[in-house]
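>>> Here is a sequence together with a model predicted from it:
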Amino acid sequence: MPEKYDFLVLGSGGAGLSYALRVARFGSVAVITKKDSAESNTNYAQGGLASVVASEDRFEDHINDTIVAGAGLCHQEIVEMVVREGPSVVRELLDWGARFSTKEGKLDLGREGGHSQNRIVHAADRTGKEIEETLLSAISKHTNIHVFEHHFALELITEHHLGRKVTRNDDDIHCYGAYVFDTRSDKVEAVLAKATLIATGGVGEVYLHSTNPSIATGDGIAMAYRAKARVANMEFMQFHPTTLNISEANSFLISEAVRGKGGILRDRNGYAFMSGYDDRAELAPRDIVARSIDDYLKKSGNDSVYLDVTHINKDLLSESFPHIMETCRSFGVDITKQWIPVVPAAHYLCGGVLTDRDGRTSIHGLFCAGEAACTGLHGANRLASNSLLEAMVFSKRAAEASAAHIRERSWITGIPEWDDSGTVNAEEAILIHHNKQELQQVMWNYVGIVRSDLRLERAFRRTHLLYEETEDFYQRTRVSVALCELRNLIANAYIIIRSAMSRKESRGLHYTTDYPRQVDEARHDTII
Ligand code: FAD
Ligand code: SIN
């Protein structure tokens, strides 16, 4: 690939693609993505995108719902900004060609936990696929945007690569692009850019059970952390309450919108246990539902709870949830007649690379949007369907800020080539796989829905050992995607554990038995 672009976009999910479309009129754009271009969390989003579009809905209500879910850590001014910009990004998606579900000529709006109104814009139960395809199709018409599939971003280029010592307290670091590994030609190139956007998504893969596809290895967060950018609120990992509890189904998501349509959570005897935990029952925010299920399973000794939709009209089910219905059927569950076995799984990272209201990170020329970012919108717990909204709003704002930024920037020279000496050793490849499995198990067992000091300390020790082994491989071995992803997962795990250890209270998604209450003095972001 050519080595210079005005804008370099790392990732081809909703945040990266929409940013690329918006900056294309200001200069040349490269979008690099590690697998096929559609493979992203965005592509699997089911429920939809939350926005105030109904005449009976109010911005104040969406703002309030977001802040209540965020458990005291949302940044009020960011919430107000994002919620108020929601309708314009929905309009933009429609203009790009998105076909959202409608009823009587208007957008059909779904309901999810924590929302006081129906406000989820959706395309049946495959909203993400519709958004991803719409954006990719719009991009294919642009001559100024070049998409490079099977290109893996390895490291951000900063002054560090010019030989200057860069520290975490340094406020004058610049990003000049990234080292990119072309996995088909097996070559690493330095790709220079005047503005670089991290849009690499979340880190669900750090847990044994996750709704995320395998691309979600937190690469952008790890790269930014190594480049000494600020990273925040990584202890707040959201677990989705309802994923299909059949091992071959790979934690397939059963959308919260199913509960929004009246799905009831039952134990195996039919008891609807959620009303014993929260007045909002199935429609409580998802941290409460996930924790309640976890608690119920532990107390009852059962290994599954069930989502019952058999009382809902069949036509409504097949019209609203064709994908869920079909997938459950393929695993032998007819949801019109049988309860769906469900358990929680890791789903969404509320923390990430710290940004300002325009997607700027603490490194000049480096922007971040989407799940990789920590913008202040979600606080300690994300409200359902606020992430696609956040990705769209922040990619737009980052695009405007980046366009202004590149006017002031000239090209850097003297960036060294990547040193790719080293060996590829088959025995080490299998060790990489084992270390990944071990990390996922440690994170699942000790840094899950319910935490404690003892568990976190144990996780820290185990992760440190995996870190040492993996760094040793890395120093001796030629780059491979598996090794780099493992390294990135370990970096994310390390930050998650450290952040969780430093929060001596329970708030939002971070619940620890040692400090079960919320503490006023701890009402601040965890910034690393
Ligand atoms: P992604 O869409 O994950 O895109 C990341 C991109 O970066 C991918 O293209 C990936 O290949 C690429 N990439 C990663 N690392 C590298 C690297 N090193 N080099 C090159 N490329 C790289 N949110 C909602 O608001 N509503 C929903 O209904 C909803 N449902 C969901 C259902 C599921 C099953 C899942 C998993 C998530 C859901 N979410 C939902 C969350 C939401 O989908 C994501 O937060 C959002 O799509 C993230 O978009 P993104 O562009 O930031 O990242
Ligand atoms: C879902 O459809 O339940 C996922 C919604 C989200 O993660 O926001």
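Great, that's in hand. Numbering: from 1, shown residues only. Ligands and ions are numbered 1, 2, ... in the order given.
>>> Give me the neighbour count for Arg266.
By other C-beta atoms under 10 Å, the residues close to Arg266 number 16. C-betas here are computed from N, CA, C, even on glycine.
>>> Verify the contact between it and Trp339 for me.
Yes. Taking C-beta atoms under 8 Å as the definition, Arg266 is a contact partner of Trp339 at 6.4 Å.
>>> which neighbours do the two share?
Listed contacts common to Arg266 and Trp339 are Tyr306, Leu307, Asp308; contacts here mean C-beta atoms under 8 Å, 6 or more residues apart in numbering.
>>> what's near enough to touch the first one?
To tie it back to what came earlier, the one meant is Tyr306. Tyr306 makes contacts with Leu265, Arg266, Asp267, Arg268, Trp339, Ile340, Pro341, Val342, as judged by C-beta under 8 Å, 6+ apart.
>>> Helix or strand with the lowest mean pLDDT in this protein?
Across the helices and strands of the chain, mean pLDDT, DSSP states H and E gives its lowest value to helix 426-446, namely a mean of 90.
>>> Who are the packing partners of the next helix or strand after that one?
Counting by DSSP states H and E, the next helix or strand C-terminal to helix 426-446 is helix 453-476. Applying 3 or more C-beta pairs under 8 Å, 6 or more residues apart in numbering; DSSP states H and E, we find helix 453-476 packed against helix 426-446, helix 481-502.
>>> Helix, strand or coil: sort out the residue of the chain at minimum distance from ligand 2 for me.
Nearest residue of the chain to ligand 2 (C-beta to the nearest ligand atom) works out as Gly47 at 2.7 Å. Using DSSP: H, G, I helix; E, B strand; the rest coil, the structure places Gly47 in coil.
>>> so Lys228 makes contact with Val166?
Yes. At 5.4 Å, Lys228 counts as touching Val166 under the criterion of C-beta under 8 Å.
>>> hmm, back to that, dump the helices and strands packed on helix 453-476 into TSV; add distance to ligand 1 and mean neighbour count as well.
TSV is the format used below for the helices and strands packed on helix 453-476 (distance: least, C-beta to the nearest ligand atom, whole Å; neighbours: other C-beta atoms under 10 Å):
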stretch	distance to ligand 1	mean neighbour count
helix 426-446	15	16
helix 481-502	7	22
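>>> returning to that earlier point: what residues do Lys228 and Val166 have in common as contacts?
Thr158, Ile173.
>>> Show the contacting residues for the closest residue in space to Ser452 that isn't next to it in sequence.
Here the nearest residue to Ser452 in space, its sequence neighbours aside, is Thr513; by C-beta to C-beta, 6 or more residues apart in numbering that works out to 4.7 Å. For Thr513, the contact set (C-beta under 8 Å, 6+ apart) comprises Val450, Arg451, Ser452.
>>> The host helix or strand of Val342: how far from the chain's middle?
Taking DSSP H and E as the criterion, the element that holds Val342 is strand 340-349. Centroid separation for strand 340-349 versus its chain: 14 Å, with C-alpha atoms, centre = their mean, to the nearest Å.
>>> any idea how far the closest residue to Leu439 other than its chain neighbours is from Leu162?
Leaving aside its sequence neighbours, Leu439 sits nearest to Leu466 (C-beta to C-beta, 6+ apart; 5.5 Å). Counting by C-beta to C-beta, to the nearest Å, the gap from Leu466 to Leu162 is 31 Å.
>>> Please compute how far the least confident helix or strand of the chain lies from its chain's middle.
Using C-alpha atoms, centre = their mean, the distance from the centre of helix 426-446 to the centre of the chain it belongs to is 21 Å.
>>> re earlier: list only buried entries from the contacts of Tyr306.
Leu265, Arg266, Asp267, Trp339, Ile340, Pro341, Val342 (16 or more other C-beta atoms under 10 Å).
>>> Any chance of those in JSON lines with distance to ligand 2 and pLDDT as columns?
What follows is the buried ones among the contacts of Tyr306, written out as JSON lines (distance: C-beta to the nearest ligand atom, whole Å; pLDDT from 0 to 100):
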{"residue": "Leu265", "distance to ligand 2": "14", "pLDDT": "98"}
{"residue": "Arg266", "distance to ligand 2": "19", "pLDDT": "98"}
{"residue": "Asp267", "distance to ligand 2": "21", "pLDDT": "96"}
{"residue": "Trp339", "distance to ligand 2": "18", "pLDDT": "98"}
{"residue": "Ile340", "distance to ligand 2": "13", "pLDDT": "98"}
{"residue": "Pro341", "distance to ligand 2": "17", "pLDDT": "97"}
{"residue": "Val342", "distance to ligand 2": "12", "pLDDT": "97"}
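>>> Now for those residues: which two are most distant?
Maximum pairwise distance among these (C-beta to C-beta): 13.5 Å, between Asp267 and Ile340.
>>> what does the stretch 201-350 of the chain put close to ligand 1?
Within the stretch 201-350 of the chain, the positions near ligand 1 by C-beta under 6 Å from any ligand atom are Gly201, Thr211, Asn212, Ile215, Asp219, Leu253, Tyr348.
>>> could you list every residue that touches Val83?
Contact analysis of Val83 by C-beta under 8 Å, 6+ apart lists Ser51, Val52, Phe59, His62, Ile63, Thr66.
>>> Where does the closest residue to ligand 1 within the stretch 101-250 of the chain sit, in terms of helix or strand?
Closest residue of the stretch 101-250 of the chain to ligand 1, C-beta to the nearest ligand atom: Gly201 (2.6 Å). For Gly201, there is no helix or strand it lies in under DSSP H and E.
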